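A.B. asks: Here you go, sequence then predicted model.
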Amino acid sequence: MNQKRMGSFGGIIHGGDYNPDQWLDRPEILEEDLQLMKKANVNCVSLGIFAWSHLEPEEGRYDFDWLERIIQRLYENDIYTILATPTGGMPQWLTGRYEEVLQVNAYGMRNYPGKRHNYCPSSPVMREKTRQLDTRLAERFGSHPGVIGWHISNEIGGNGGDGACHCDKCQGAFRKWLQDKYGTLDRLNAAWWTSFWSHTYTDWSQVKSPSPRGENLVHGQNLDWRRFVDCQQRSFCREEIKAVRSHSSLPVTTNMMEFFEPLNYFKWAEELDIISWDSYPDWHSGSDELQTAAGAAAAHSLMRSLKKSSFLLMESTPSVVNWRQINRLKRPGMHELSSLQAIACGSDSVQYFQWRKGRGSSEKYHGAVVDHRNGEDTRVFREVARLGERLEKIAPKVIGTCNRPRIAIVFDWENWWAVKDAWAVDNNLNYQSVFVDFFRPLWELGIDADVVDMEGELDAYSVVIAPLNYMYKEGYAEKVRSFVRQGGCYITTCWSGEVNDSDLTYTGAHPLEDVLGIRTEEIDAPGGYCENSVRYQGTDYRITGLCGLVHTKGAEVLAEYQQDFYKGYPALTKNTFGRGEAYYIASLNERSFLKAFYSDIVKERGLGCGLQVRLAEGVTVNERSTPAQDNGAVERVWFLQNFNREPAAVELLARYENVETGETLTGRITLKTFECMVLTEKK
Ligand code: GLA
Ligand code: ZN
């Protein structure tokens, strides 16, 4: 039998979190679910995510029959299951009997039972209970033809927490982790710069997690603690994966949360077969939709880049969320557009949280496909059903394709942690939003970008952009040097190459001084007294962030500061190195600067948007293509997306075909409000 699996489903997955365990006493509801799923063009659900207390109602007594009935019934109706391991929420019997499974916070207080995503990842009891349950689930369902993959736990580390547990077991594991890393206390003291304030460690037992009640200003320690927390959560997840793999060869994923600060998703990607994530953009909140849309595209691109492969949109809301202060309905059309945006950026699914609204507790007003009332007769249900139809139509052109950008932007979790903890000139600096600022102008130009971290490969790209690359990990400067030498274009900014892996500043020259052709000196915070601007190609651009003061050492000056005591200092430089070139953007400027600068770079490098089009503001395009065949042939599909709150006209400079209608399109065409058109080459 040709078993369907996540990753080779044979179509676009459409469905979402299904929590029938909340409705087991209402068989008519479960029956109605099935009928409505068919009408909504749902072909897959995620099951059992928070079902531990139904799967193991008492310690050691397992009850999987109800789940089997549901999986089987769905399967008979061509609806497949992504099966979860239920560690996102712990049953009362577990937390009541074994205190050690509960996390201890940074103040040293142990949590009470309840809430979710809050187990101690070091607890042997938690690991063992999880192993037993996961193994049994895999044994029972691992080869059910209706099950296509594993959803390990849920939003690990999430729910407002940071994944950290400060209990004695975790403290012990942290010390062990440090001993493995440093070998001796002398090395640890050197890496952590502990002579500062006379805090040199003389015995391993003195070393603890950072705490608001104690040490929290030793940057090397904070950084190592974050690395450890990430590692410890990952090691728990790895054990879950091992347990399901003991009886199942199905692919595994865990649902990520975009730029989730506590977990280094580049490292997590190595543990997983498929990347999936939960996307909840704040539509209709700003004066326009563009910043939200660019941010969503950046997050999708990150997810695609983690494995350089298509991913799954595991959760999204078909209407509203309920956890923001103000929760607005998605306007007509936005559901289709935001879902197709995910596909445009590399997703092979559109899934929801959740299928049916529950009746009680904190998510009863969170949007779902099926409301408390009115069954299929709702605006949301109709929009979901219509999207399902569209996904079926476009699937043959989409499945097997992916985005293949030639530009990458560096985003590195450890750099993020270090930037946040730097105590420097601008302590409000937000690395993630600076990253989006560097992503958005490409998005406006209709050019895809991958996201790489400092450990990633650069050589496949023509251009690598590294904003606020404050930390240079061991080997990174050498990798960039060789990338540029071989013909790459490297663009970086002020506040780069400052510290090493331990968050200790480099002394002497900037690690890439030869490549950049500059010498860096001071750094200024803008605003107030220090308003400034830079002039590039005859236009003045306002400075909105840091200003680096640098001197050329061989580089050519392309822009200069216009005011203050550093008027005339270089604000943008270019240095030729080997067969490539390196640019240094000394200040963080208003967005239009980057758009102008990127336009010049992509022109020089022949990297325009693949669709021949004159875009309008607020309209963008993503390209997915098949891998090139031996003769170089590829099939391309484009997603032309209008994020404007009104119709927008663009001009197609070649002939294309609308994948859904078969219509030929060329010249000026108008996209409706929030419309996404799927195009392919006209043969
Ligand atoms: C997350 C969780 C879901 C649900 C949604 C609500 O994505 O994984 O269980 O709580 O948030 O938006
Ligand atoms: Zn712990």
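C.D. replies: On my side now, so go ahead. Residues are numbered from 1 along each chain as shown. Ligands and ions are numbered 1, 2, ... in the order given.
A.B. asks: so what secondary structure elements neighbour the longest strand anywhere in the chain?
C.D. replies: Looking across the chain with DSSP state E, the single longest strand is strand 539-552. Under the contact definition 3 or more CB pairs under 8 Å, 6 or more residues apart in numbering; DSSP states H and E, strand 539-552 sits against strand 518-524, strand 533-536, strand 570-577, strand 587-589, helix 591-605. Yep, even glycine has a C-beta here, placed from its N, CA and C like the rest.
A.B. asks: List the buried residues in the first one.
C.D. replies: Right, the one you point to is strand 518-524. In terms of neighbour count (16 or more other CB atoms under 10 Å), strand 518-524 has its buried residues at Ile518, Thr520, Ile523, Asp524.
A.B. asks: same deal with the second one?
C.D. replies: If you call a residue buried by 16+ other CB under 10 Å, then strand 533-536 has these buried ones: Ser533, Val534, Tyr536.
A.B. asks: of these, closest to Lys181?
C.D. replies: Of all those, Val534 has the smallest distance to Lys181: 42.2 Å, by CB to CB.
A.B. asks: Return the distance of the closest one relative to Gly568.
C.D. replies: Shown here: Val534 relative to Gly568, a distance of 11 Å by CB to CB, to the nearest Å.
A.B. asks: What of Ile394?
C.D. replies: 54 Å.
A.B. asks: try Glu617
C.D. replies: Distance of Glu617 to Gly568, given as CB to CB: 34 Å.
A.B. asks: Next: Gly517.
C.D. replies: Here Gly517 is placed at a distance of 18 Å from Gly568 (CB to CB).
A.B. asks: neighbour-wise, which of these two wins?
C.D. replies: Taking neighbours as other CB atoms under 10 Å, Gly517 and Gly568 compare with Gly517 leading, 20 against 11.
A.B. asks: Model confidence at that one, what's the number?
C.D. replies: In this model, Gly517 is scored at 98, pLDDT.
A.B. asks: do the same with the one 10 residues further on
C.D. replies: With respect to pLDDT, Gly527 has a value of 79.
A.B. asks: Tell me how many other residues surround it.
C.D. replies: Residues near Gly527, counting by other CB under 10 Å, number 11.
A.B. asks: List the beta-bridge partners for it.
C.D. replies: The bridge-partner assignment for Gly527, based on DSSP bridges, gives Cys530.
A.B. asks: Okay, it and ligand 1: tell me how far apart.
C.D. replies: With distances taken as CB to the nearest ligand atom, to the nearest Å, Gly527 is found 35 Å from ligand 1.
A.B. asks: if I look at that residue, how far off is Arg542?
C.D. replies: 11 Å.
A.B. asks: re earlier: show me what counts as buried in the helix or strand that the longest strand of the chain is followed by.
C.D. replies: Using DSSP states H and E, the helix or strand that follows strand 539-552 towards the C-terminus is strand 556-561. Going by neighbour count (16+ other CB under 10 Å), the buried part of strand 556-561 is Val557, Leu558, Ala559, Glu560, Tyr561.
A.B. asks: Remind me which helix or strand the residue in the stretch 401-550 of the chain that ligand 2 sits nearest to belongs to.
C.D. replies: Nearest residue of the stretch 401-550 of the chain to ligand 2 (CB to the ion) works out as Trp417 at 20.3 Å. Assigned by DSSP H and E, Trp417 belongs to helix 413-420.
A.B. asks: for that helix, packing partners?
C.D. replies: Helix 413-420 sits against helix 219-245, helix 431-444, with contacts defined as 3+ CB pairs under 8 Å, 6+ apart.
A.B. asks: switch the cut-off to 10 Å
C.D. replies: Packing partners of helix 413-420 (3 or more CB pairs under 10 Å, 6 or more residues apart in numbering; DSSP states H and E): helix 219-245, helix 265-269, helix 431-444.
A.B. asks: Quote the end-to-end distance of stretch 38-45.
C.D. replies: Start-to-end span of stretch 38-45 (CA to CA, to the nearest Å) is 12 Å.
A.B. asks: ok, it near ligand 1 or not?
C.D. replies: No: Stretch 38-45 lies out of reach of ligand 1 by CB under 6 Å from any ligand atom, never closer than 13.6 Å.
A.B. asks: What are the buried residues along that stretch?
C.D. replies: For stretch 38-45, a neighbour-count test (16+ other CB under 10 Å) marks Ala40, Asn41, Val42, Asn43, Cys44, Val45 as buried.
A.B. asks: In helices, which of those fall?
C.D. replies: Using DSSP state H, no member of the buried residues of stretch 38-45 falls in helices.
A.B. asks: State the pair within the residues you listed that is farthest apart.
C.D. replies: Most distant of the buried residues of stretch 38-45, by CB to CB, are Asn41 and Val45, 12.9 Å apart.
A.B. asks: ok, residues contacting stretch 109-119?
C.D. replies: With contacts defined as CB atoms under 10 Å, 6 or more residues apart in numbering, stretch 109-119 is touched by 49-50, 87-92, 94-96, 99-105, 120, 125-127, 129-130, 153-161, 163, 165-167, 233, 236, 362.
A.B. asks: Taking the centroid of this protein, which residue is nearest it?
C.D. replies: Glu258 (3.0 Å; CA atoms, centre = their mean).
A.B. asks: which ones are touching it?
C.D. replies: The contact partners of Glu258, by CB under 10 Å, 6+ apart, come to 265, 277-281, 295-296, 298-300, 302-303, 432.
A.B. asks: Of the buried residues of stretch 38-45, which is the nearest to ligand 1?
C.D. replies: Val45 (13.6 Å; CB to the nearest ligand atom).
A.B. asks: Against Leu83, how distant is the closest one?
C.D. replies: 10 Å.
A.B. asks: Highest mean neighbour count out of the helices and strands packed on strand 539-552?
C.D. replies: Mean neighbours per residue, mean count of other CB atoms under 10 Å, is largest over the helices and strands packed on strand 539-552 for strand 587-589, with a mean of 27.
A.B. asks: contacting residues around Tyr506?
C.D. replies: Tyr506 makes contact with Tyr472, Ala477, Gly497, Glu498, Val499, Asn500, according to CB under 10 Å, 6+ apart.
A.B. asks: Within reach of ligand 1, which of the contacts of stretch 109-119 are there?
C.D. replies: Filtering the contacts of stretch 109-119 for proximity to ligand 1 by CB under 6 Å from any ligand atom leaves Asn154, Glu155.
A.B. asks: What are the buried residues along the strand or helix carrying Ala138?
C.D. replies: Here Ala138, judged by DSSP H and E, is contained in helix 124-141. By 16+ other CB under 10 Å, the buried positions in helix 124-141 come out as Met126, Arg127, Lys129, Thr130, Leu133, Asp134, Thr135, Arg136, Leu137, Ala138, Arg140, Phe141.
A.B. asks: Could I get the average pLDDT for the strand or helix carrying Glu31?
C.D. replies: Element membership of Glu31, judged by DSSP H and E, is helix 27-39. Mean pLDDT, computed over helix 27-39, is 98.
A.B. asks: Give me the contacts around that helix.
C.D. replies: Contact with helix 27-39 is made by 14-15, 18, 20, 22-24, 26, 42-45, 66, 69-70, 73-74, 76-79, 355-356, 369-370, 375-376, 381-382, 384-385, 388, as judged by CB under 10 Å, 6+ apart.
A.B. asks: Enumerate every residue touching Gly295.
C.D. replies: Counting by CB under 10 Å, 6+ apart, the residues that Gly295 touches are Glu258, Phe259, Pro281, Asp282, Gln432, Ser433, Phe435, Val436, Phe439, Arg440, Trp443.
A.B. asks: ok so, going back, shared neighbours of Val534 and Gly568, which are they?
C.D. replies: With CB under 10 Å, 6+ apart as the test, Val534 and Gly568 both reach Glu560, Tyr561, Gln562.
A.B. asks: Dump the helices and strands packed on strand 539-552 to TSV, plus distance to ligand 1.
C.D. replies: Putting these into TSV (distance: least, CB to the nearest ligand atom, whole Å) gives the following:
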stretch	distance to ligand 1
strand 518-524	38
strand 533-536	41
strand 570-577	41
strand 587-589	32
helix 591-605	30
